[in-house]
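**Q** Quick one: sequence plus predicted model below, questions after.
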Amino acid sequence: MYQYDQYDQAMVDARVAEFTDQVARRVSGAMTEEQFRPLRLKNGLYLQLHAYMLRVAVPYGTLDSRQMRMLGQIADKYDRGYGHFTTRQNIQYNWIKLEDAPAILADLASVGMHAIQTSGNCIRNTTADHFAGAAADEVADPRPYAELLRQWSTFHPEFDYLPRKFKVAIIGSETDRAAMKLHDIGIQVVKNAAGEEGLRVFVGGGMGRTPMIAPVIREWLSPLQMVSYLEACLRVYNRYGRRDNKYKARIKILVHEIGADEYRRQVEEEFAHILTLGLEPPAAELARIKAQFADPAFDAAAPEAIDLSDPDFALWVDQNVHPHKVPGYGIVTISLKPTGGIPGDATADQIRLIADLGRDYSFDELRVTHAQNIVLPHVKRADLHAIWQKLDDAGLATANLDLISDIIACPGLDYCSLANARSIPLAQKISQRFADVERQRDLGELKLKISGCINACGHHHAGHIGILGVDRKGVENYQLLFGGSEGADTSLGSIIGPGFSEDGIVDAIERATGVYLAQREAGERFLDTYRRIGNAPFKDAIYG
Amino acid sequence: MSGEKIKILTGNDLLTGDVTWWTGSGWSTAVNDAVALGDDGAAIIKTEEAAQRVVSAYVIDATREAGHVRPAHIKDRVRALGPTVRLDLSLRPHDPAAAAWIA
Amino acid sequence: MVETLIRLRDDAASTAPVVAFAQLSETSNAVAVRLLPGDDARALLPLLGQLELVEVAFPAYTDGRGYSAATFLRERGYTGELRAVGDVLIDQVSHYHRVGFDAFLPDQPISREALDKAIATWPHVYQRTVDGRTPVWALRHG
C-alpha cells in the first residue's frame, strides 16, 4: 500500500500546524464560530449531540497495522475507549474535546493519517472496493487512482468552497462493491480489447433527499488524463452548482437539471482547455504509485484445503471468507455486527487485536468497508482457524457477512444532531429477532440498511430492505423500503406503505421475510424475489 | 408528564463540547439546573457566545416538575442524558429509569 | 499595521472607476470590472487585453465561485490586478493566492504580516495552478 514520502508527510504536518493555529485563534476569540466552523469541518470536527465528533480519514479504506493501532490509541487517550467505522470507510470518535483536536491530528500525522476534508463543502475521502487487490474478479486495482485523486484533491485551492460536499468512489471490477453509481463521481477502471486500462466515468449519483443513479458521462478516459478530466468536472460544478438551496446543491441536481448531455458538453469544453495547461501528473507518477500497490509475496504453495471439522469455524469460513485471486488464500471479513450490537463500533482492545491480525496474517494490510466491517485482504487459508479463534474470543467472529444481521446503520439520534430518529436500537432489535444463524443463512444475502434521517448516511435507498427514520409529530417513526441495490444492478428502494413504530417495523420485516421464503424460486435472493413479484404480496402480508 | 411549561437555553461548551444548560448565571451540564427564560433568550445567547462561554446555543421548550426539567424534544433529551444505546457513558449510568426518561 | 487594501504588485493601483459586470457591454472602454459570484468570467475574454483591474466579490467567503473565475482569467492570460473583495479572511488567503489573486480588499482589515505568513502556509503543493509553484509530482520526477 501507499507509503508517504517526505512531501506527503510535509503536507499533513503543515495542516496540523495550520489547524493548531486556527484552534488557538478560536479559543482566544480572535475568530468567531461562524468563521471557524467551515475550517474545523475541513478537519473532520463536527459539533454533535454530546460533544465534538472527529471523523478520521482512511483513504480508500486501506490502512496498515501501525495506523490501525493508532486509531485504538486515540480511542483510549482522547475518547471513551471505542470508535465507529463509517459508511465511507472512515472512523469517527464521538467524545472529542476541541482543545485536544490539534494533539489528535498531530498523533495521526505521526503515522501518516489525518482528518483532512472529511467534512465540509469540499472533495471528501475517495472510497474504493474493499476487496481491491485481492478479489478474483478484479480487472485492475482501483487504489492507485484513488491515491492520485487523494493527492489532487487535497487542499485544492479552487475547490475548497464548493456548493456542497463532493464524494468520489472508484472500483476496478464489473462487480460494484463500493456503491459507485451512487456517488457524485464514480469511476470504474476497465480494460479494452487490447488490454489497455481506461476509466469509465459516472457523474451525478447520490442518495439523500433526491436519490439518483449516476449516468455515464465519459465512456472511456485515458488514465493519464484523469486529473485533467476531473478538474473539468469540478470546475463546471463549482461554477454552476446551485448555491441558493442547500437541498439542491449537489452535482446530481445540476446534471439532472441541465441534462447529462449538456453537462458532458461543458466538461469536454473545459477538458480540452485544461489539457493545454499541463496540470496532469506524468505517467511516471502513476507508475510510482502503482508500484506501491504491487502484490505482496504470496506463497505459491499455500494449500487450499483446510480442516473444516469444527462446524462453527466451517460456518464462519463459508460466510465470511471471500475467494481470493491467489489459490490457498482468502479475503476475511471481520464482522463488527455482533448479535444485538452497535453496527460498526469497535472497542480500543478490539481495534488493537484487529491491527495485530493484519500485521501477522495479512501482509500488514487492512481495509474498512462501507458496510462498516473490517477486511483482512490477504489471508492464507491455513491461518484461518487461528484467526477465527482470536476473533471469537473477542466477539468479532459473527458469521453474518451480507446476511440480514450485517446491518448498515448510521449513528442516528443517539449521536447525530441531524437525525430525526434513532437507528441503532432498531438495528439491535432486528439483529436479535433474527439471531439464529441458520435462519439467517436460509434467508441468504439480505442487505438491510438504516438511516436516521433523509441525509441517508445509512444508505437506506440502496438496501434490499431499507429503513428511514422520520419525526412524526415528535415521535420516532420508520418508513420501510424494498428493492434497493448498490451493486452493478444499482436500483433505488421504494416505500412499501405507511410508517411504523420501532417494534412495528421489526414485525413488518419478519413478515416480509416470510413472503420471500414462501415465494422464492431457486437461486433467488430476497432482492430477486421482490423484483420479480413486486410490492403487492409484501404489502398484503405487512398491512393486510 | 405534567408540570410547568417553560423555555430553557442549551448549547455546548466551546472547549470540551459538553452539552450545557443556562442556569441564570452560568452554564451547567445538569439539565435540572436549567432556569426558565423570560424574553431574554436571544440576548443571553449573544452575550454568552461572544464571551466564548458557549457555542451553538438555542432556546427550547421544556417542562419542569418538582425540580426536574424535561426537554420537550427527544433530541434534547438525548443531549441531556447521553446515547440511549450506551447508557454506561451517559450522565446517569446507574439509573435504570434513564432509558424511559429519554423515550 | 493593518491595511485596508493589500496589493502584491509593484505597479500602481488602478484609479479607473470599477464597472459592475452587469453594466458591462462588449463595446465598453472599462479597464476595471467587478464580478459578483454568479457572473460568468468567460464574458471578459474579449476584454482581457484592456483590463488592468478585475475585482472578484466574495459576499460570503463560503461561496467559492470566485476561485474558478480567478483561475479562468489567469489561465487565459490576464496579467492585470486580480483583487479579492469582501468577506476575505486570513484563512482563505493561501488558496486565493494560488488561484491568482494578487490583491485583497477585506471587509475586516488584515495585516500585511499575517497575509505574507498565510501565503507561506504550504511548504509544498499537490496541484499545478496559475501561481506557478512546482507541484509535488514534478519535484518527484524532475
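**A** Okay, I see it.

**Q** near chain A, which residues of chain C show up?
**A** Proximity of chain C to chain A (CB under 8 Å from any CB of the partner chain) is limited to residues C:37, C:40, C:61-65, C:67-68, C:71, C:75, C:89, C:91-92, C:94-96, C:98-99, C:121-129, C:135-137, C:139-141. Backbone N, C-alpha and C define where each C-beta goes, glycine included.

**Q** so A:I253 is in which element?
**A** When secondary structure is defined using DSSP states H and E, the element that contains A:I253 is helix A:251-258.

**Q** could you check the angle helix A:251-258 makes with the next helix or strand after that helix?
**A** The helix or strand immediately downstream of helix A:251-258 is helix A:260-274, counting by DSSP H and E. If you take axes from the mean of the first three to the mean of the last three CA atoms, to 10 degrees, helix A:260-274 sits at 110 degrees to helix A:251-258.

**Q** Helix A:260-274: which residues count as buried?
**A** For helix A:260-274, a neighbour-count test (16 or more other CB atoms under 10 Å in any protein chain shown) marks A:A260, A:Y263, A:R264, A:Q266, A:V267, A:E270, A:F271, A:H273, A:I274 as buried.

**Q** quick one, what contacts the nearest residue to the second one once chain neighbours are set aside?
**A** On the basis of CB to CB, 6 or more residues apart in numbering or on different chains, the spatially nearest residue to A:Y263 that is not a chain neighbour turns out to be A:V255, at 4.9 Å. Contacts for A:V255 (CB atoms under 8 Å, 6 or more residues apart in numbering or on different chains) come out as A:V203, A:G204, A:A214, A:P215, A:I217, A:Y263.

**Q** where's the most centrally placed residue in chain C, which helix or strand?
**A** Among the residues of chain C, the one closest to the centroid is C:F101, at 2.4 Å (CA atoms, centre = their mean). Assessed by DSSP H and E, C:F101 sits outside every helix and strand.

**Q** the longest helix in chain B is where?
**A** helix B:41-50 (DSSP state H).

**Q** Can you list the neighbours in contact with that one?
**A** By CB under 8 Å, 6+ apart, the list of residues contacting helix B:41-50 from outside reads A:E33, B:K7, B:L9, B:G11, B:W22, B:W27, B:L37, B:V54, B:V55, B:A57, B:Y58, B:V59.

**Q** Contact partners for the residue of chain C found nearest chain B?
**A** Of chain C, the residue with the smallest distance to chain B, taken as CB to the nearest CB, is C:Q108 at 15.7 Å. Counting by CB under 8 Å, 6+ apart, C:Q108 makes contact with C:L89.

**Q** what about the helix holding A:I253, distance to the chain center?
**A** From the chain centre to the centre of helix A:251-258 is a distance of 23 Å (CA atoms, centre = their mean, to the nearest Å).

**Q** That one: which residues count as buried?
**A** Buried positions in helix A:251-258, judged by neighbour count with 16+ other CB under 10 Å: A:I251, A:K252, A:I253, A:L254, A:V255, A:H256.

**Q** A:A397 reaches A:H385, doesn't it?
**A** No: assessed by CB atoms under 8 Å, A:A397 is found out of contact with A:H385, at 11.2 Å.

**Q** List buried residues within the contacts of A:V255.
**A** Buried, going by 16+ other CB under 10 Å: A:V203, A:G204, A:A214, A:P215, A:I217, A:Y263, out of the contacts of A:V255.

**Q** Spatially, which two of those are the most separated?
**A** Using CB to CB, the two most remote members of those are A:A214 and A:Y263, lying 11.0 Å apart.

**Q** Mind listing the shared neighbours of these two?
**A** A:V203, A:G204, A:V255.

**Q** Tell me how many other residues crowd A:G544.
**A** Number of residues near A:G544 (other CB atoms under 10 Å in any protein chain shown) recorded here: 8.

**Q** re earlier: with respect to A:S451, which of the contacts of A:V255 is nearest?
**A** When the contacts of A:V255 are compared for distance to A:S451, the smallest value, 19.5 Å, is given by A:A214; criterion: CB to CB.

**Q** Let me know the pLDDT of the closest one.
**A** In this prediction, A:A214 carries a pLDDT score of 97.

**Q** Can you give me the neighbour number for the closest residue to it other than its chain neighbours?
**A** The spatial neighbour of A:A214 that comes closest, neighbours along the chain excluded (CB to CB, 6+ apart), is A:G205 at 3.1 Å. As a burial measure, the neighbour count of A:G205 was computed by other CB under 10 Å and equals 25.

**Q** Also the one 5 residues further on?
**A** With neighbours defined by other CB under 10 Å, the count for A:T210 comes to 14.

**Q** Verify the contact between it and A:L254 for me.
**A** No: in this structure A:T210 lies outside contact range of A:L254 using CB under 8 Å: 12.0 Å.

**Q** Could I get the buried residue list for the longest helix of chain B?
**A** The neighbour-count criterion (16+ other CB under 10 Å) identifies B:G41, B:I44, B:I45, B:E48, B:E49 as the buried residues of helix B:41-50.

**Q** packing partners for the helix or strand following it?
**A** Downstream of helix B:41-50, the next assigned helix or strand under DSSP H and E is strand B:55-65. Where contact means 3 or more CB pairs under 8 Å, 6 or more residues apart in numbering or on different chains; DSSP states H and E, strand B:55-65 is packed against strand B:4-12, helix B:41-50, strand B:68-71.

**Q** hmm, the last one touching chain A?
**A** No: Strand B:68-71 is not in contact with chain A by CB under 8 Å from any CB; minimum separation 11.2 Å.

**Q** what separates that strand from the chain centre, distance-wise?
**A** A distance of 8 Å separates the C-alpha centroid of strand B:68-71 from that of its chain, computed with CA atoms, centre = their mean.

**Q** can you list the residues that contact the following helix or strand past it?
**A** Next in sequence after strand B:68-71, counting helices and strands by DSSP H and E, comes helix B:74-81. Residues from elsewhere that reach helix B:74-81, judged by CB under 8 Å, 6+ apart: A:49-50, A:413-414, A:417, A:419, A:474, A:476, B:10, B:19, B:21, B:31, B:60, B:62, B:70-71, B:84, B:87, B:90-92, B:98, B:101-103.

**Q** Good, wrapping up.
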